[in-house]
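Novice: generate a structure from the sequence data that follows.
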Amino acid sequence: MSRSTRAHTRSPTSSSTGAPLVPGFQAAGIPIGIKPNRASDLALIVSSPPARAAGVFTKNSVKSAPVLLSRARIRSGLCQAVIINSGNANACTGDRGFRDAMAMCRLTSRALGIDEGTVLVSSTGVIGVPLPMDKIRKGIPEVVRRLAATGIPEVAEAIRTTDRFTKLAWKRFPVDGRTVTVAGMAKGAGMICPQMATMLAYFLTDANAPVAVLRDLLRTGVANSFNRINVDGDSSTNDTVLLLANGLAGNPPLRQGTPSFEAFRSVLHSLMDELARMIVRDGEGSTKTVDILVRGAPTDRDARRIAYHLANSTLVKTSFYGEDMNWGRIVVAVGCSCPRTEQDKIDVSYDDVKVVKGGMSAGRLREEQARRILKLPSFRVTVDLHLGKGHYLVVTSDLSHEYVTLNASYRS
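Specialist: The predicted model follows:
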């Protein structure tokens, strides 16, 4: 997961507001009263023709009804519509929850006149509360009427829960002499930790790609983006990432190992990386986005374990929030997570300022220089164990008073 640059571009065919236009896709988002503040909370994405589709879902053993249903349906490799609600997760709701998820798909297919088996469903919000199906039944025909090629930003808005801002990125670029567009949107701010997070993400493209290629692109992209972020060490019941490709760009089918495949992969994965970083930046109450790079570990597995221990450590995260040059918390966390650590070989740097060398302070001057880095909204902490070639990168946030305030009263 590399530091990302802004990937979206405004094309001549975009709307005056800069909305991404992906040929063959329409979308909409409306308020139907699921959220108490009357914010937008029902969204719909439709592809014509039906799109080839791939999906990645939460690995939490407690899964929501929408995840169970969509995970089963996407095995066909086809999807024409995704119906999404926010404000209610439809998780831990028993048989009723599954019937309600089925009903959302059925109502959507009837309103659109399409095969119900090509409709997927996502939900996000409060766990353990049945869906207000009376509102959803009334809302689905209305969201269908609102469908428009310029509606993708409406979906990005409607899927928000505690998000402070919408998360949307897109790019238009050439592939084999054809213009291809990829647009991505995501939601997520808390309950963020692989595998994956309390997040929904949707990637839409007009590229022509076989299902097997889409599945591989999504799996590797998620592994290096959404599965390398952390806010609070918890993962959700509803995590879903979908990739839909309707082929209208008319490019020859993407094949692994070709320049066109690499061009598409590079853009798609950079958008995933950008949206994943937006989620960390929007972490509930967060003020910092911190890359934690562990290198020189005995193995990659060791490096991964250490990186996530650092990313989850409340002591480390609160030091970021307080802008406290307390590097001892980092060294202690490394020792807790990897018994093979040799103290006199540990180096720790904040960006390019080394504050720990050989397990000891590199001097007060270095610490003062690093303290200025801690005041930045984004920086990197590098831990080098000098024990091998293992390395791993995780992106995390700090831990603030606001996080406690938000989550202490999320339902009430």
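
Novice: and the nearest residue to Ala91 once chain neighbours are set aside, how many neighbours does it have?
Specialist: In space, and not counting its chain neighbours, Ala91 is closest to Ser64: 3.6 Å by C-beta to C-beta, 6 or more residues apart in numbering. Every C-beta, even on glycine, is put in place using the N, C-alpha and C of the backbone. By the measure other C-beta atoms under 10 Å, the count of residues near Ser64 is 29.

Novice: need the contact list for Ser64.
Specialist: Taking C-beta atoms under 8 Å, 6 or more residues apart in numbering as the contact definition, Ser64 lies against Ala89, Asn90, Ala91, Cys92, Gly97, Ser123, Ile127, Thr237, Asn238.

Novice: now do the third one against Thr287, distance only.
Specialist: Yep, that's Ala91 we're talking about. Per C-beta to C-beta, to the nearest Å, Ala91 is found 30 Å from Thr287.

Novice: look at these two and report which has more neighbours.
Specialist: For Ala91 and Thr287, the more surrounded residue by other C-beta under 10 Å is Ala91, and the numbers stand at 25 against 15.

Novice: what's the pLDDT at the more buried one?
Specialist: Looking at Ala91, its pLDDT reads 92.

Novice: does it touch Gly97 like I think?
Specialist: Yes - using C-beta atoms under 8 Å, Ala91 makes contact with Gly97 at a distance of 7.2 Å.

Novice: can you check which residues contact both of these two?
Specialist: Shared contacts of Ala91 and Gly97, defined by C-beta under 8 Å, 6+ apart, comprise Ser64, Ala65.

Novice: and for Leu393, nearest residue in space, chain neighbours not counted?
Specialist: The shortest distance from Leu393 to any non-neighbouring residue, by C-beta to C-beta, 6+ apart, is to Leu293 (4.9 Å).

Novice: what does Arg380 give?
Specialist: Asp291 (4.1 Å).

Novice: got it, and Arg137?
Specialist: Leu107 is the one closest to Arg137 (C-beta to C-beta, 6+ apart), at 6.3 Å.

Novice: gap between that neighbour and Arg219?
Specialist: According to C-beta to C-beta, Leu107 stands 31 Å off from Arg219.

Novice: ok, these two, which is more surrounded?
Specialist: The residue with more neighbours, out of Leu107 and Arg219, is Leu107; 20 against 14, by other C-beta under 10 Å.

Novice: which parts of the stretch 1-150 of the chain are strands?
Specialist: Along the stretch 1-150 of the chain, counting by DSSP state E, counting those that start in this stretch, strands occupy 25-30, 42-57, 78-88, 119-126.

Novice: out of those strands, which comes closest to Gln256?
Specialist: Proximity to Gln256, assessed across the strands of the stretch 1-150 of the chain by C-beta to C-beta, is greatest for strand 42-57 (14.2 Å).

Novice: give me the sheet partners of the closest one and which way each runs.
Specialist: Using DSSP bridges, strand 42-57 pairs in its sheet with strand 25-30 (antiparallel), strand 78-88 (antiparallel), strand 240-245 (antiparallel).
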